[in-house]
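Participant: sequence and predicted structure below; questions after.
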Amino acid sequence: MYDLNVSMLNDQFNMYYSAARKAYDSGNGALAKRNYMLAAETLLKLAEHSSPKLKQARLKRARRLVEIAENIDAAVVRKSFPAGNAEGGEDGEEGGRSWAAAEIPDIHFSDIAGLDDVKKAITVRMINPVKYPEKYKLYNKKMGGGVLLFGPPGTGKTMIAKAIACEVGAKFYAIKGSDIVSKWVGESERNIDSLFETARAEKLAIIFIDEMDSLIAKRGTDTHNDKRVNEFLQQIDGFSGRAPNLLLLGATNRPWDIDGAALRPGRFSQKIYVPLPDAPAREFMIKKSLKNTPAAADVDIAELVRLTEGYSGADIEELCDRAKEDPLLKAISTDSVVPVTRADFMDALKDVPPSVSKKEVERFEQFIKTGE
Ligand SMILES: Nc1ncnc2c1ncn2[C@@H]1O[C@H](COP(=O)(O)OP(=O)(O)OP(=O)(O)O)[C@@H](O)[C@H]1O
Ligand SMILES: [Mg+2]
């Protein structure tokens, strides 16, 4: 009876937690918030049934989830333009919203596990034209056009965008499709317009649009969306073929929802799949997470690499973080060094299931094959 209760709570926790992650990833902040709170609540109940050691860890994690829930509005929307004038956007002011670049991120390609093909394609397409414009001219190599990264959540798409900005020293304009979409007629188009205008004025800028699918969904069902898509296509056409002082990068978990015209040559013609990490990439991430961390000799990296098949990069980060929680708490309470053990990882594996299902992966494979 007791065990049954615990295992039910465990299932419940996993359900709320993955629902929260999913909602967050799809930009539904309110739903994510609610599910994070429910997950935290369930964790508190679970803590009541836990050994003192586990109880502490669960209480701490519950607190963290509440923190995440509380911060979600800020995290999901308006992440990178603190100077954005929300009022200007709301009352339909002429120029559209004002945009401010985020600081140039400190993330390098060498921080990103695996994805060698992706890095190569990005280097050829976005980094080299900026670094070696004369060479590209000499070979009369085409420049411009955008790149669309697509793949399951938590696989490093945003990381790649930041790494590009860092590698070429570009001003980084990161926005979410849902930020641009305004409920006011005509406002979205002005927002798009003002975003491109602002970025173009920079010596070198990168516009990173997350959730491209919500910005330029397939046309034909919603006139607001259709106008937005048209404006967006005009903007991309406006800068393609010119010197690449503006790099355009999009990301999406739902490439099949994007309007086909946006994916034509000269626009987002290059679509790059960012898959779940393969075994060497998972090994890289686990090792990196354990670097300079006290770990017991029984931690078997090869075993962990095997057991994390199907995990995303974000899942692995969460898993390692979770495994370190108990030893860290113990280290604090005993004022000593407590190594992370294999058992800590085994507990963490139970708490952190993979967030991407096989079915979702198959959906991407279908898109790669058929283009829809
Ligand atoms: N290939 C990777 N190498 C190293 N870390 C990774 C990798 N993929 C994911 N991560 C970790 O997961 C976190 C989330 O990754 P990121 O935000 O780039 O995912 P994403 O693909 O943009 O997800 P989403 O589709 O949900 O926006 C990163 O901060 C990083 O810690
Ligand atoms: Mg992202």
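Facilitator: Received the coordinates, thanks. Residues are numbered from 1 along each chain as shown. Ligands and ions are numbered 1, 2, ... in the order given.
Participant: whichever residue of the chain sits closest to ligand 1 and Met159: what is the separation?
Facilitator: Distances between the chain and ligand 1 by Cβ to the nearest ligand atom are smallest at Gly313, namely 2.2 Å. In this view, the C-beta of every residue, glycine as well, is placed from N, C-alpha and C. In this view, Gly313 and Met159 are 8 Å apart by Cβ to Cβ, to the nearest Å.
Participant: one more: Ala100?
Facilitator: 22 Å.
Participant: got the phi and psi for Val340?
Facilitator: phi -80, psi 130 (degrees, to the nearest 10).
Participant: and the residue of this protein closest to ligand 2?
Facilitator: Thr158 (3.3 Å; Cβ to the ion).
Participant: circling back to that earlier point, quick one: the residue of the chain closest to ligand 1 and Leu307, what's the gap?
Facilitator: Distance from Gly313 to Leu307, by Cβ to Cβ: 16 Å.
Participant: again with Pro327
Facilitator: Taking Cβ to Cβ, one finds Pro327 at 19 Å from Leu307.
Participant: then Gly250?
Facilitator: From Gly250 to Leu307 the distance is 33 Å (Cβ to Cβ).
Participant: more crowded one of these two?
Facilitator: Neighbour count, other Cβ atoms under 10 Å: between Gly250 and Leu307, Gly250 has more, with 29 against 15.
Participant: over to Leu247: give its phi and psi.
Facilitator: Torsion angles, degrees, to the nearest 10, at Leu247: phi -100, psi 140.
Participant: next one: the one 3 residues further on
Facilitator: When read as degrees, to the nearest 10, the backbone of Gly250 gives phi -120, psi 160.
Participant: equivalent analysis for Phe150, please.
Facilitator: Taking degrees, to the nearest 10 as the convention, Phe150 sits at phi -130, psi 150.
Participant: wait, it sits on Val274?
Facilitator: Yes: with contact defined as Cβ atoms under 8 Å, Phe150 counts as touching Val274 (6.9 Å).
Participant: higher neighbour count, those two?
Facilitator: The neighbour count for Phe150 versus Val274, taken as other Cβ under 10 Å, is higher for Phe150 (25 against 22).
Participant: the residue nearest to that one when sequence neighbours are not counted: neighbouring residues, count only.
Facilitator: In this structure, Phe150 finds its nearest non-sequential neighbour in Pro255, 4.0 Å apart by Cβ to Cβ, 6 or more residues apart in numbering. Neighbourhood size, Pro255 [other Cβ under 10 Å]: 24.
Participant: what pLDDT is listed against Pro255?
Facilitator: Per-residue confidence (pLDDT) for Pro255: 94.
Participant: enumerate every residue touching it.
Facilitator: Neighbour list for Pro255: Leu148, Phe150, Asp213, Lys271, Phe364, Phe367 [criterion: Cβ atoms under 8 Å, 6 or more residues apart in numbering].
Participant: equivalent analysis for Leu290, please.
Facilitator: Here Leu290 is in contact with Val299, Ile301, Cys320, Val340 (criterion: Cβ under 8 Å, 6+ apart).
Participant: among those, name the buried ones.
Facilitator: Val299, Cys320, Val340 (16 or more other Cβ atoms under 10 Å).
Participant: do I have it right that the second one meets Lys287?
Facilitator: Read it as Cys320. No: using Cβ under 8 Å, Cys320 is not in contact with Lys287; the gap is 10.0 Å.
Participant: picking up where we left off before, can I get the contacts of Leu290 in CSV with distance to ligand 2 and pLDDT?
Facilitator: Listed next are the contacts of Leu290 as CSV, based on distance: Cβ to the ion, whole Å; pLDDT from 0 to 100:
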residue, distance to ligand 2, pLDDT
Val299, 29, 97
Ile301, 27, 97
Cys320, 19, 97
Val340, 28, 97
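Participant: for the spatially most central residue of the chain, helix, strand, or coil?
Facilitator: Centroid-nearest residue in the chain, with Cα atoms, centre = their mean: Thr158, separated by 4.7 Å. What DSSP: H, G, I helix; E, B strand; the rest coil gives for Thr158 is helix.
Participant: could you pull out the strands for the stretch 251-372 of the chain?
Facilitator: 270-273 (DSSP state E, counting those that start in this stretch).
Participant: now the helices: where do they sit in it?
Facilitator: 279-290, 301-307, 313-334, 342-351, 358-370 (DSSP state H, counting those that start in this stretch).
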